[in-house]
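Engineer: Quick one: sequence and predicted model below, then my questions.
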Amino acid sequence: MKYKKWLAVSALCALAATSAFVGGCGSQQGAQQAQATKVSTFRPFTSDTPIVYEYTGTVAALQEVPVRARVSGTIMAKYIQGGETVTEGQPLYLIDTRQYESDLANAEAQQAQAGASYQNALADLSRYEQLIAIDGISRQTYDTQRSLADQYLASYNAAGAQVKIAQDNLDDTIVRAPFNGKLSLDDVNIGTYATAGNTALVTISSTDPVYVQFDMSETEYLEMAKKGNGVDKWGDHLKLRLSDGSIYGETGRIVQVNPGLTSGQLTMKAEFANPDNLLVPGMYGTIVSDAEIAKDSLLIPTQALIPLLDKNMVDVVVDNKVTQKAIQIGGTYGNYTVVTGGLSMDDVIIVEGQGKVTVGQAVEGEEMTRQQLDEQVAQRDTGAK
């Protein structure tokens with residue numbers, strides 16, 4: 001009996017130990033599942049994609065010049081105010097005309113005097129021609145009179161040139177706009193003495209067209225050229241996104257490429273028509289180029305990118321744990337970025353929740369479709385506005 005009792009007790013103890021072990025394992029598994037962080041995931045896909053390159057730029061005038069008087073004098077009248085839009089030839093200022101009116105009158109008088117002397121010389125020459133025909137005067141006398149008439153003609157022409165100069169100077173007392181544009185606020189006031197060719201009366205900037213200046217790395221420029229996408233291709237139908245997110249109604253084109261102020265940079269100037277004067281010098285905008293098409297390019301949501309120093313990383317789920325991959329990227333297309341290396345279609349990337357996880361951490365992923373992601377981004381953008 002004692003032996004049977006001992007066996008019964010031993011069996012009960014073994015059963016209790018087994019139950020405790022099983023219960024302990026279940027608790028550990030439950031703890032591990034509880035530690036798994038929920039994240040949103042996405043699978044890369046391929047598509048023929050316009051590659052979008054974006055560059056931040058500044059609107060500037062094609063022409064910006066100070067308006068200077070061609071003659072010296074005191075400003076007697078002012079026909080404009082700073083900040084106005086003017087047209088080519090429009091009067092801006094009036095310079096004191098009295099000296100130039102006097103100069104014109106004197107020049108006209110001298111021309112009249114020279115003209116009278118020339119007419120008298122012509123009349124005498126006509127009589128001498130009749131006399132020499134009948135040998136009434138010597139040939140020398142006739143030649144002398146003809147030379148005198150030529151001298152008076154030269155004097156008359158010289159006087160006429162002085163009249164033109166005096167007339168031009170008088171006309172230049174009205175300072176006019178050299179081209180269509182917008183005036184700056186640095187205009188001078190009535191009473192200012194203007195020195196010809198020196199005093200800046202006001203600065204005028206052209207308004208249509210304008211250019212947008214932006215920088216591009218030499219490396220990117222060369223990569224485009226190697227692909228056969230020279231400036232004449234990718235830079236021929238540029239778009240401009242304004243600061244409110246809207247796309248400007250006119251397309252632009254690259255008109256100038258210069259070395260940048262920073263080594264390894266090129267400065268581009270893209271010309272845009274500005275018929276409604278919407279673009280104002282000093283405004284910021286984003287140049288958008290989408291002329292390049294990448295065949296079967298691999299795309300991931302742009303929000304999945306994790307910039308790290310000079311690299312681009314993504315969080316990838318492998319066996320329900322987080323790992324990271326360094327990838328190479330190209331341009332963007334809408335909400336997506338083109339991946340040129342480091343990733344495949346079989347990878348599962350994290351698009352939401354990257355900030356909550358670390359490498360090696362267990363995660364529970366919920367895969368998003370393209371439609372879900374696009375709707376979510378659209379809602380977020382609408383809310384931000």
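Structural biologist: Received it, and whenever you're ready, just let me know what you need.

Engineer: from here on, contacts and neighbour counts on C-alpha atoms
Structural biologist: Noted.

Engineer: Find the residue ranges of the stretch 151-300 of the chain scoring beneath the pLDDT cut-off.
Structural biologist: Low-confidence segments of the stretch 151-300 of the chain (pLDDT under 70): 227-233, 260-261.

Engineer: any chance you could map the strands in it?
Structural biologist: In the stretch 151-300 of the chain, the strands defined using DSSP state E, counting those that start in this stretch lie at 174-176, 181-183, 193-194, 200-205, 210-217, 239-242, 252-259, 265-272, 284-301.

Engineer: Adding distance to residue 366 and mean neighbour count, write those strands out as CSV.
Structural biologist: Shown next, in CSV, are those (distance: least, C-alpha to C-alpha, whole Å; neighbours: other C-alpha atoms under 10 Å):
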stretch, distance to residue 366, mean neighbour count
strand 174-176, 70, 22
strand 181-183, 57, 23
strand 193-194, 75, 18
strand 200-205, 56, 22
strand 210-217, 39, 22
strand 239-242, 34, 20
strand 252-259, 43, 17
strand 265-272, 43, 21
strand 284-301, 15, 19
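
Engineer: The ones you listed into a markdown table, with extra columns for distance to residue 44?
Structural biologist: Formatted as a markdown table, the strands of the stretch 151-300 of the chain follow (distance: least, C-alpha to C-alpha, whole Å):
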| stretch | distance to residue 44 |
| --- | --- |
| strand 174-176 | 62 |
| strand 181-183 | 51 |
| strand 193-194 | 69 |
| strand 200-205 | 49 |
| strand 210-217 | 28 |
| strand 239-242 | 28 |
| strand 252-259 | 33 |
| strand 265-272 | 33 |
| strand 284-301 | 5 |
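
Engineer: Out of the ones you listed, the one nearest residue 81 is which?
Structural biologist: strand 181-183 (8.0 Å; C-alpha to C-alpha).

Engineer: Just want the angle from the strand or helix carrying residue 378 to strand 284-301.
Structural biologist: Per DSSP states H and E, residue 378 falls inside helix 370-384. Calculated by axes from the mean of the first three to the mean of the last three C-alpha atoms, to 10 degrees, helix 370-384 forms an angle of 150 degrees with strand 284-301.

Engineer: in helix 370-384, what's buried?
Structural biologist: Buried residues in helix 370-384, counted by 16 or more other C-alpha atoms under 10 Å: 370, 373-374.

Engineer: got the contact list for stretch 257-273?
Structural biologist: For stretch 257-273, the external contacting residues (C-alpha atoms under 8 Å, 6 or more residues apart in numbering) are 208-219, 235, 238, 250-256.

Engineer: let's see 6 Å
Structural biologist: By C-alpha atoms under 6 Å, 6 or more residues apart in numbering, the residues outside stretch 257-273 that reach it are 208-218, 252-256.

Engineer: ok, of those, which one's closest to residue 157?
Structural biologist: Ranked by distance to residue 157 (C-alpha to C-alpha), these are led by residue 208 at 43.4 Å.

Engineer: With residue 71 as the reference, measure out to the nearest residue to that closest one once chain neighbours are set aside.
Structural biologist: Closest residue to residue 208 apart from its sequence neighbours, by C-alpha to C-alpha, 6 or more residues apart in numbering: residue 274 at 4.7 Å. Counting by C-alpha to C-alpha, to the nearest Å, the separation of residue 274 from residue 71 is 34 Å.

Engineer: And for residue 49?
Structural biologist: Distance from residue 49 to residue 71, counting by C-alpha to C-alpha: 61 Å.
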